[in-house]
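*Asks:* Need coordinates for the following:
(one chain, ligands or ions: 2)
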Amino acid sequence: MNSRKKTGLYFGTFNPVHVGHIIIANHFAEHSDLDEIWLVVTPHNPFKKKSSLLPDHHRLEMVHRATEKYNDLKPCDIEFKLPQPSYTVNTLAHLQEKYPQREFCLIMGEDNLNGLHKWKNYEIILEHHSIYVYPRITSTREVPLEKHPRIHKIDAPIIEISSTAIRKDIKAGKNVSPLLDPSVWQYIDQMNFYK
Ligand SMILES: Nc1ncnc2c1ncn2[C@@H]1O[C@H](COP(=O)(O)OP(=O)(O)OP(=O)(O)O)[C@@H](O)[C@H]1O
Ligand SMILES: O=C(O)c1ccc[n+]([C@@H]2O[C@H](COP(=O)([O-])O)[C@@H](O)[C@H]2O)c1
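*Replies:* Ligands and ions are numbered 1, 2, ... in the order given. Modelled structure (predicted):
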């Protein structure tokens, strides 16, 4: 029997982390076989421009604040020390070496699954790890890897909140506080982020 602890890795830039992210992470902690969910803060997504990003340590601090009330949700800064851009295949190899007693699974929205076949060495990722996919609203009908035996569709709430929209609304002086953990909003407000 496989007795390794199953850990879910939820990767993201979290610029900033919002209640949509936390609802998903908590849903997996409560309704799946994953013991812990680690929110892995990515310094540089290979598919995104770095210019609009807050420095890594501020995004990590927000993830720390948003998860501290949840026993099974943990912030993870492993990618801060790895080469950039952050290729997930490298991060997984590094984590597996550091924590051989854990089995790592990826948590991913349906929107990201659409592009998985373009990720660096995605075949190696799928050889060693399961991917738990939750629903998102997406216009794509044909998803290349949908039927792969390592891909598991898991039902979860659909919450259409986006970090991009939050940043835009803060810039426009709108109230975004219901979309963020109060301690995250307090940090953004104090530090004058996204103005
Ligand atoms: N409202 C949401 N519900 C569920 N998953 C989400 C939601 N928003 C983002 N995600 C997913 O959470 C992960 C982390 O999100 P990330 O911060 O990297 O992207 P994002 O929210 O799309 O940010 P941005 O708008 O800055 O591009 C990604 O896999 C993303 O697809
Ligand atoms: O490894 C890759 O080739 C790769 C390509 C695109 C995205 N990713 C990772 O996927 C995670 C979520 O991406 P995103 O687009 O929601 O920010 C983030 O951690 C990225 O580093 C990874």
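
*Asks:* Check which helices and strands the helix-or-strand element of the chain with minimal mean pLDDT is in contact with.
*Replies:* Lowest by mean pLDDT, DSSP states H and E among the helices and strands of the chain is helix 110-113, with a mean of 91. In terms of contacts (3 or more CB pairs under 8 Å, 6 or more residues apart in numbering; DSSP states H and E), helix 110-113 is packed against strand 131-134. For the C-beta atoms, the positions are set from N, CA and C on the backbone; glycine is no exception.

*Asks:* Which residues does the strand it packs on contact?
*Replies:* 8, 24, 27-28, 32, 34, 105-110, 113, 116, 125, 150-156 (CB atoms under 8 Å, 6 or more residues apart in numbering).

*Asks:* Show me how to select, in ChimeraX, the buried members of the residues you listed.
*Replies:* To isolate the buried members of the contacts of strand 131-134 in ChimeraX, using 16 or more other CB atoms under 10 Å:
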select :8,24,27,28,32,34,105,106,107,108,109,110,113,116,125,151,154,156
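
*Asks:* Give me the subset of the contacts of strand 131-134 that lies in strands.
*Replies:* Of the positions in these, 8, 105-109, 151-153 sit in strands, assigned by DSSP state E.

*Asks:* Please list which of the residues you listed also come close to ligand 1.
*Replies:* When CB under 6 Å from any ligand atom is applied, the members of those adjacent to ligand 1 are 108-109.

*Asks:* Just send the ones in strands among the contacts of strand 131-134 back as CSV, with distance to ligand 2 and pLDDT too.
*Replies:* Shown next, in CSV, are those (distance: CB to the nearest ligand atom, whole Å; pLDDT from 0 to 100):
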residue, distance to ligand 2, pLDDT
8, 14, 98
105, 14, 98
106, 9, 98
107, 10, 98
108, 8, 96
109, 8, 94
151, 15, 97
152, 18, 96
153, 18, 94
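
*Asks:* Flag the shaky bits of this structure, pLDDT-wise.
*Replies:* 1-2, 49-51 (pLDDT under 70).

*Asks:* of all the residues in it, which ones are close to ligand 2?
*Replies:* 11-13, 42, 45-48, 86-89, 112, 119-120.

*Asks:* quick one: is stretch 163-176 near ligand 1?
*Replies:* Yes - Stretch 163-176 reaches ligand 1 (CB under 6 Å from any ligand atom) through 163-164.

*Asks:* Tell me which residues are up against that stretch.
*Replies:* Residues contacting stretch 163-176 (CB under 8 Å, 6+ apart): 13-18, 52, 179-180, 185, 188, 193-195.

*Asks:* what separates that stretch from the chain centre, distance-wise?
*Replies:* Relative to the chain's own centre, stretch 163-176 is displaced by 20 Å; criterion: CA atoms, centre = their mean, to the nearest Å.

*Asks:* If we go by neighbour counts, what in that stretch is buried?
*Replies:* For stretch 163-176, by 16+ other CB under 10 Å, it's 163, 166-167, 170, 176.

*Asks:* repeat for stretch 16-32
*Replies:* 16-22, 24-29, 32.

*Asks:* Good, wrapping up.
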